[in-house]
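S.K.: Next one to model:
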Amino acid sequence: MKKLLTCVLSLCLILNFILNISHLFAVKTKALSKNYLSEYKSSDILVSPTVTQNQKETDKKDNGKNEKAEKTGKAEKNEENDKAIQNETKLNINAKSVILLEPNTSTVLYEKNSDEQLAPASITKIMSLILFMEAIDNGYFNLSTKITASEHACSMGGSQIWLEPNETMTVDELLRATVIASANDATVALAEAVSGSEEGFVTKMNEKAKALGLKNTCFKNASGLDAEGHYSSARDVALMSAELIKHPLIKKYSTVWMDALRDGKSELVNTNKLVRYYDGCTGLKTGTTGTAGHCLSATAERNGLSLVAVVMGGTTSKDRFSGASKMLDYGFANYSFIKVDANSSLLKPIKTENGLKNYTAVKAECSKSILLKKGEKADIAQTAELPNTLTAPIKKDDTIGKIHLTLKDKEIGVILVKAAEDVEKVNFLISFMLIFKSIITP
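M.R.: Numbering: from 1, shown residues only. Take a look at the predicted model:
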């Protein structure tokens with residue numbers, strides 16, 4: 001009986017000690033957290049709703065259906081404004097269909113009848129060249145690989161280098177002929193090397209068109225000769241061009257003005273005159289047939305901005321070059337990539353639960369490069385999407401939210417918000433060490 005009473009008494013003492021320690025921990029942890037909080041002004045701590053507005057904007061409350069109706073009305077107005085802005089600029093280009101595209105973002109800067117299905121002539125070869133570049137990247141063949149021309153390849157009409165049956169050329173030579181001189185025979189010889197037959201290659205062309213999301217394109221041959229059911233659109237050609245210039249190798253050929261084959265006996269002159277005359281031109285491909293008229297996909301780069309200008313159905317050769325030049329001039333004069341940094345007022349410490357710190361410091365991941373019309377940077381609004389609270393543990397560089405960049409109520413980019421520090425989770429051992437340290441420290 002005496003032993004039992006002793007055990008009960010000991011147990012009571014232990015429980016009393018734990019309760020005292022817990023109470024002391026609560027008081028001390030709260031006191032210690034004040035040291036961290038003192039690093040920030042009370043006005044700098046994020047205690048607002050999940051979405052924090054830019055400092056330029058006033059705080060807004062959620063008004064349910066009224067707010068939704070207001071946003072819908074604004075969206076409709078912005079669509080009208082966008083159309084009005086687009087209609088403000090009318091370039092006088094003598095062609096059935098045109099488009100100006102920024103290739104990295106696929107942003108359309110100017111267009112006219114860009115989805116009309118038209119015969120593409122030799123700008124068909126842009127898709128052929130995409131598959132040739134992929135074959136090289138995948139190790140199917142290399143620039144030194146020798147290819148023997150078939151009778152079918154040599155039977156092509158139109159632009160050609162007059163290949164003879166069983167004549168051998170390297171992939172490099174055939175690419176030079178295809179890109180610079182738009183040679184149909186060289187194109188088909190390469191197509192047969194990739195797929196065994198032109199028909200098999202055309203199947204791959206259409207599969208690639210589908211993969212790229214081209215909605216108004218159907219190929220019947222690899223070279224672009226007129227054929228029933230062979231068509232594309234200015235938009236699709238621009239998207240193809242954007243895909244092709246992702247391969248740096250293409251510029252080795254598309255930027256060349258003059259070259260030669262067969263030890264200088266066969267001269268190659270680039271069919272794209274802009275390569276010689278337009279500042280920053282990097283390519284890309286011309287095309288002309290009786291059905292298609294005069295076509296061109298022109299690419300150029302200036303001051304970090306790349307553009308693709310497509311002209312289809314030009315009446316004369318001059319129409320396509322002047323039209324493409326006019327669109328490129330318009331793009332370079334009016335657009336540029338702008339560096340946007342997160343507004344520091346949105347990056348406030350976030351309340352943290354179960355952590356050694358009551359608040360977690362945050363940071364923006366990086367600046368955002370955005371394509372804008374020149375002069376529009378001042379109109380960009382920033383809205384933070386951040387949680388009211390975080391729960392420890394938190395690792396430095398954990399993604400915890402976003403800053404949405406909008407222009408005229410249209411989202412144009414997102415900057416990720418990340419934790420700027422580690423915040424450990426509170427546990428008994430750490431709590432005991434903190435309490436012990438606070439007791440022994442004067």
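S.K.: Would you map the helices across the stretch 251-400 of the chain?
M.R.: Secondary structure of the stretch 251-400 of the chain (DSSP state H, counting those that start in this stretch): helices located at 274-277, 317-334.
S.K.: will you turn those into a markdown table that also has distance to residue 107 and mean neighbour count?
M.R.: C-beta coordinates here come from the backbone N, C-alpha and C atoms, glycine included. Output for these, formatted as a markdown table (distance: least, CB to CB, whole Å; neighbours: other CB atoms under 10 Å):
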| stretch | distance to residue 107 | mean neighbour count |
| --- | --- | --- |
| helix 274-277 | 22 | 16 |
| helix 317-334 | 10 | 20 |
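S.K.: Indicate which one of those is closest to residue 114.
M.R.: Counting by CB to CB, residue 114 lies closest to helix 317-334 out of those; the figure is 11.5 Å.
S.K.: Pipe the helices of the stretch 251-400 of the chain into TSV and attach distance to residue 224 and mean pLDDT per row.
M.R.: Output for the helices of the stretch 251-400 of the chain, formatted as TSV (distance: least, CB to CB, whole Å; pLDDT from 0 to 100):
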stretch	distance to residue 224	mean pLDDT
helix 274-277	19	96
helix 317-334	15	97
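S.K.: Quick check: the gap between the residue nearest to residue 290 when sequence neighbours are not counted and residue 122.
M.R.: Leaving aside its sequence neighbours, residue 290 sits nearest to residue 226 (CB to CB, 6 or more residues apart in numbering; 6.7 Å). Separation of residue 226 from residue 122 (CB to CB, to the nearest Å) stands at 11 Å.
S.K.: and the helices of the stretch 251-400 of the chain as a markdown table, adding distance to residue 103?
M.R.: Below are these laid out as a markdown table (distance: least, CB to CB, whole Å):
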| stretch | distance to residue 103 |
| --- | --- |
| helix 274-277 | 16 |
| helix 317-334 | 11 |
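S.K.: mind listing the strands in the stretch 51-200 of the chain by residue range?
M.R.: 51-52, 97-102, 107-112, 146-148, 168-170 (DSSP state E, counting those that start in this stretch).
S.K.: Tell me which of these is the most buried.
M.R.: For the strands of the stretch 51-200 of the chain, average neighbour numbers computed from mean count of other CB atoms under 10 Å are highest in strand 97-102, which has a mean of 25.
S.K.: could you list every residue that touches residue 286?
M.R.: 122, 123, 182, 271, 272, 294, 295, 296, 320 (CB atoms under 8 Å, 6 or more residues apart in numbering).
S.K.: Tell me what it is bridged to.
M.R.: Beta-bridge pairing of residue 286 under DSSP bridges involves residue 296.
S.K.: The closest residue to residue 272 other than its chain neighbours and residue 212: what is the separation?
M.R.: Among residues not flanking residue 272 along the chain, residue 286 sits closest, at 5.2 Å (CB to CB, 6+ apart). Residue 286 sits 21 Å away from residue 212 when distances are taken as CB to CB.
S.K.: Residue 354 too?
M.R.: 49 Å.
S.K.: more crowded one of these two?
M.R.: Set residue 354 next to residue 212 and count neighbours by other CB atoms under 10 Å: residue 212 wins out with 16 against 13.
S.K.: From what I see, that one and residue 241 are in contact.
M.R.: No. Using CB atoms under 8 Å as the test, residue 212 is too far from residue 241 to be in contact (10.9 Å).
S.K.: pLDDT below threshold where in the stretch 51-200 of the chain?
M.R.: Counting by pLDDT under 70, the stretch 51-200 of the chain contains low-confidence residues at 51-88.
S.K.: hey, where'd the helices end up in it?
M.R.: Ranges of helices within the stretch 51-200 of the chain are 65-88, 125-137, 151-154, 171-181, 184-195, 198-211, based on DSSP H, counting those that start in this stretch.
S.K.: Now do stretch 128-144: distance from first to last residue.
M.R.: In stretch 128-144, first residue to last residue: 19 Å (CA to CA, to the nearest Å).
S.K.: Centroid-nearest residue for the protein?
M.R.: Against the mean C-alpha coordinate of the chain, by CA atoms, centre = their mean, the closest residue is residue 105 at 4.6 Å.
S.K.: which one is that one nearest to, not counting chain neighbours?
M.R.: Nearest to residue 105 is residue 371, by CB to CB, 6+ apart, at 5.5 Å.
S.K.: same check, this time on residue 300
M.R.: Nearest non-adjacent residue to residue 300, counting by CB to CB, 6+ apart: residue 280, 4.4 Å away.
S.K.: Quick check: phi and psi at the one you found.
M.R.: Torsion angles at residue 280 (phi, psi; degrees, to the nearest 10) stand at phi 90, psi 0.
S.K.: residue contacts, it?
M.R.: Neighbouring residues of residue 280 by CB under 8 Å, 6+ apart: 300, 301, 302, 332.
S.K.: tell me the contacts of the last one?
M.R.: Okay, so that is residue 332. By CB under 8 Å, 6+ apart, the contact list for residue 332 reads 280, 300, 302, 303, 305, 307.
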